[in-house]
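Novice: Sequence first, predicted model second:
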Amino acid sequence: MGRDLQNSLVFEVATEVANRVGGIYSVLKSKAPVTVAQYGDNYTLMGPLNSSTWQSEVEELDWTANEPFTEELKPLQNVLKSMHSRGVRFVFGRWLIDGSPRVILFKLDSARGFLNEWKGDLWSLVGIPSPENDPETNDAIVLGYLVAWFLGELAHLDHKHTIVAHCHEWLAGVTLPLCRKRRIDVVTIFTTHATLLGRYLCAAGNIDFYNNLGNFDVDHEAGKRGIYHRYCIERAAAHTADVFTTVSQITALEAEHLLKRKPDGILPNGLNVVKFQAVHEFQNLHAKKKEKINEFVRGHFHGCFDFDLDNTLYFFTAGRYEYKNKGADMFIEALARLNYRLKVSGSKKTVVAFIIMPARNKSFTVEALKSQAAVKALENSVAEVTRSIGKRMFEYAMRYPHMGILSEIPQDLDELLKPSDKILLKKRVFGLKRAEGELPPVVTHNMADDANDPILNQIRHVSLFNHSSDPVKIIFHPEFLNQNNPILSLDYDEFVRGCHLGVFPSYYEPWGYTPAECTVMGVPSITTNLSGFGAYMEDLIEVDQAKDYGIYIVDRRFKAPDESVEQLVDYMEDFCKKNRRQRINQRNRTERLSDLLDWRRMGLEYVKAKQLALRRAYPDSFRQLVGEELNDLNMDTLSGGKKIKIARPLSVPGSPRDRANSVSSAVYMTPGDLGTLQDANNADDYFSLAVDDKEDEEDRVYYDE
């Protein structure tokens, strides 16, 4: 009897499982609730063990006990026992995130003794070279062989389930050619979130990458950059997987030229969208988190705090420290030009721009810590004196009109504020003073290589030094944000909620989680048409209407760099001109786009990829199951009259409304209508996202920021 196509064991393999490094961590973490709801304990994530962080990410389970495994999953436990008996060590447990998926994290060092043998096998089996001095590739090989070992034994022991292995990025890609060459009975999917060569070529900053994709000699370019062996792994993974996917249309175009295989479909990245019961709730969250940022800003700019926080806007950019790819160079240049424009126009607005990009640093600066401590001391002293004044006022009022007290309230400040109070307050205020000519710092940490840091060097080049005369201030925070941060104690999502505008002018951004996260939290953002997210939204929303929904899209593909910078400055200046009511209106519209990014919609594309892989791996069984012959050219052609039932239909997003129909009419959407960019190209068939001439009903309600 063949394997059951409707009962699968699904394994997702990535180096960022319970290991926060970049965007794939966010993909896996946010997708987990939807995937676990579908597969339950048949879904397992696999990756390398990060010994320094796993204990805060994973609840370890006793894999030798009977409780974690049902009778159906006993083969999985037996494979773990077999590998453990051969010296392989791992952590088996549940990832401490929503959905609590099972994880297997391999201790790569426990299998390091097999490395040379596996390198030789990789060369003889698929012709992939592996140099001695590349620890990242060595780790990829060890992980790939361990996962292939696991899958091979599981396929041998379990003949009931179909086994699906979904590998993310080249670092987890070694498994795929091994499964193909060893004829392991598993179904394989490979997703590249960004091509290696594309990332390297764009990082150079001197190549018109997207308009010359067909002209690159890929072997030569990879060899010239010393990444040929990595490129070989990535290309082999793309060609040996049953289904090859990317995360956006623009990355699909890149992969077709650089990896020489056209992707079978697009798996756009989603998010878990939590809708509030009342529209004002996320506005209140913005106000609450903004106040936390205000506290940090008061401390950072102490002694030079000469601007009004009620008239201050918080801009930010965040992500992996790729100076040119992530658009940090363009952001800083645009801030300098915005600073000039605001000066010339006499604007009363102040812009505090944050750059949140982890970089090599030694620690927080002593000055940053002392600044926050000094402000906290003042706050505590004021609170203490205020309590004393309140107590004295109470006693004064209680004695009136006796004991010589002739008025209902004190007439002399000295009756309430004692000399000791004045001395204490003066000491605290004097403690906030800076040395003559000293300016608030632009960086919060001691950088490991301050003189050669690209971001700091460009800040120096454009002379954004936080002068009092500059309406644009800048703060570089070279570390991930979290609540344990001693100077800015906010998690990243809380920080985003407190900001007014996210700015992500990326040149190379296969998807772009940061602007997507902003959208879900109702924070307007600036992106580009070279990011997967920007292109996705550009296809969904009518021409020139995106900015009305808080999605500003900079053209970096068909404009010269200076023109793109000017367009970015125009967008930021336009945002600065908005009054509070207009910004609240825009945030309402931005938040209503969040349904388009929900994993409940995006996750259907993963289901389509799995169905296509099953169709290709088991064509006869698949045909028998669905009752007809289906085209397996790609994910979109795999359609027919009878479908495998995989999930209930999705609900219709409440807005944007369909302009083509009456205001009261609803546009009903089917699963997958907006799931891929290919589908989105026909978005006009479903609805039109234009802004009505008159305000939406929700926009007539205003809330304090």
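Specialist: Nice, I can see it.
Novice: use CA for all of it now, contacts and neighbours both
Specialist: Will do.
Novice: Point out where the stretch 151-300 of the chain drops to low pLDDT.
Specialist: Counting by pLDDT under 70, the ranges of the stretch 151-300 of the chain that qualify are 275-279.
Novice: So which residues of it form helices?
Specialist: 175-181, 196-203, 218-224, 228-240, 249-258, 280-300 (DSSP state H, counting those that start in this stretch).
Novice: Just name whatever secondary elements the last one is in contact with.
Specialist: Right, helix 280-300. Contacts defined by 3 or more C-alpha pairs under 8 Å, 6 or more residues apart in numbering; DSSP states H and E place helix 280-300 against helix 366-399, helix 492-498.
Novice: let's go with 10 Å and repeat that
Specialist: strand 312-318, helix 366-399, helix 492-498, helix 580-592 (3 or more C-alpha pairs under 10 Å, 6 or more residues apart in numbering; DSSP states H and E).
Novice: Out of the ones you listed, which gets the lowest mean score?
Specialist: Lowest mean pLDDT within the helices and strands packed on helix 280-300: helix 366-399, a mean of 87.
Novice: what sits against residue 189?
Specialist: 12, 164-168, 173, 176, 237-238, 240-245, 606, 609-610, 612-613 (C-alpha atoms under 10 Å, 6 or more residues apart in numbering).
Novice: Mind doing that once more with 8 Å?
Specialist: The contact partners of residue 189, by C-alpha atoms under 8 Å, 6 or more residues apart in numbering, come to 164-167, 241-245, 609-610, 613.
Novice: Switch those residues over to JSON lines, and while doing so, append distance to residue 521 and neighbour count to every line.
Specialist: Formatted as JSON lines, the contacts of residue 189 follow (distance: C-alpha to C-alpha, whole Å; neighbours: other C-alpha atoms under 10 Å):
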{"residue": "164", "distance to residue 521": "34", "neighbour count": "21"}
{"residue": "165", "distance to residue 521": "33", "neighbour count": "27"}
{"residue": "166", "distance to residue 521": "29", "neighbour count": "27"}
{"residue": "167", "distance to residue 521": "29", "neighbour count": "27"}
{"residue": "241", "distance to residue 521": "36", "neighbour count": "24"}
{"residue": "242", "distance to residue 521": "36", "neighbour count": "23"}
{"residue": "243", "distance to residue 521": "33", "neighbour count": "26"}
{"residue": "244", "distance to residue 521": "31", "neighbour count": "27"}
{"residue": "245", "distance to residue 521": "28", "neighbour count": "28"}
{"residue": "609", "distance to residue 521": "29", "neighbour count": "27"}
{"residue": "610", "distance to residue 521": "30", "neighbour count": "23"}
{"residue": "613", "distance to residue 521": "35", "neighbour count": "25"}
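Novice: now these as TSV including distance to residue 360?
Specialist: Formatted as TSV, the contacts of residue 189 follow (distance: C-alpha to C-alpha, whole Å):
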residue	distance to residue 360
164	38
165	35
166	32
167	29
241	36
242	40
243	38
244	35
245	33
609	39
610	40
613	42
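Novice: And residue 9, how far from residue 610?
Specialist: 11 Å (C-alpha to C-alpha, to the nearest Å).
Novice: Need the overlap of contacts for those two.
Specialist: Contacts common to residue 9 and residue 610, judged by C-alpha under 8 Å, 6+ apart, are residue 164.
Novice: Select, out of the helices and strands packed on helix 280-300, the one closest to residue 602.
Specialist: In terms of C-alpha to C-alpha, the element of the helices and strands packed on helix 280-300 nearest to residue 602 is helix 580-592, at 16.5 Å.
Novice: what's the following helix or strand after the closest one?
Specialist: Next helix or strand after helix 580-592 toward the C-terminus (DSSP states H and E): helix 599-617.
Novice: Which elements pack onto the next helix-or-strand element following that following helix?
Specialist: Going down the chain from helix 599-617, the next helix or strand is helix 619-626, by DSSP H and E. Applying 3+ C-alpha pairs under 8 Å, 6+ apart, we find helix 619-626 packed against helix 599-617.
Novice: quick one: the residue most central in space within the chain from residue 542, how far?
Specialist: Centroid-nearest residue in the chain, with C-alpha atoms, centre = their mean: residue 513, separated by 3.7 Å. Distance, residue 513 to residue 542, using C-alpha to C-alpha: 22 Å.
Novice: same deal with residue 337?
Specialist: 29 Å.
Novice: Of those two, which one has the most company?
Specialist: Using other C-alpha atoms under 10 Å, the more surrounded residue of residue 337 and residue 542 is residue 337, with 19 against 15.
Novice: hang on, that one packs against residue 569?
Specialist: Yes: the criterion here is C-alpha atoms under 8 Å, and residue 337 meets it with residue 569 at 6.8 Å.
Novice: Please tabulate the helices of the stretch 151-300 of the chain in TSV, including the columns mean neighbour count.
Specialist: Shown next, in TSV, are the helices of the stretch 151-300 of the chain (neighbours: other C-alpha atoms under 10 Å):
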stretch	mean neighbour count
helix 175-181	23
helix 196-203	19
helix 218-224	15
helix 228-240	23
helix 249-258	22
helix 280-300	18
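Novice: Quick one: closest of these to residue 529.
Specialist: That would be helix 249-258 among the helices of the stretch 151-300 of the chain, by C-alpha to C-alpha, at 9.1 Å.
Novice: tell me the domain ranges of this protein?
Specialist: The chain resolves into domains spanning 4-266, 280-365+441-596, 367-432 when parsed by the TED database.
Novice: Quick check: which of these is nearest to residue 629?
Specialist: Checked against C-alpha to C-alpha, the stretch from these lying closest is domain 4-266, at 15.8 Å.
Novice: Okay, buried residues for stretch 489-497 please.
Specialist: 489-490, 494-497 (16 or more other C-alpha atoms under 10 Å).
Novice: Could you do stretch 410-424 as well?
Specialist: In stretch 410-424, counting by 16+ other C-alpha under 10 Å, buried: 416, 421.
Novice: ditto for stretch 312-332
Specialist: 312-319, 321-332.
Novice: And stretch 22-36, by the same measure?
Specialist: Residues 23-36 are the ones in stretch 22-36 that count as buried (16+ other C-alpha under 10 Å).
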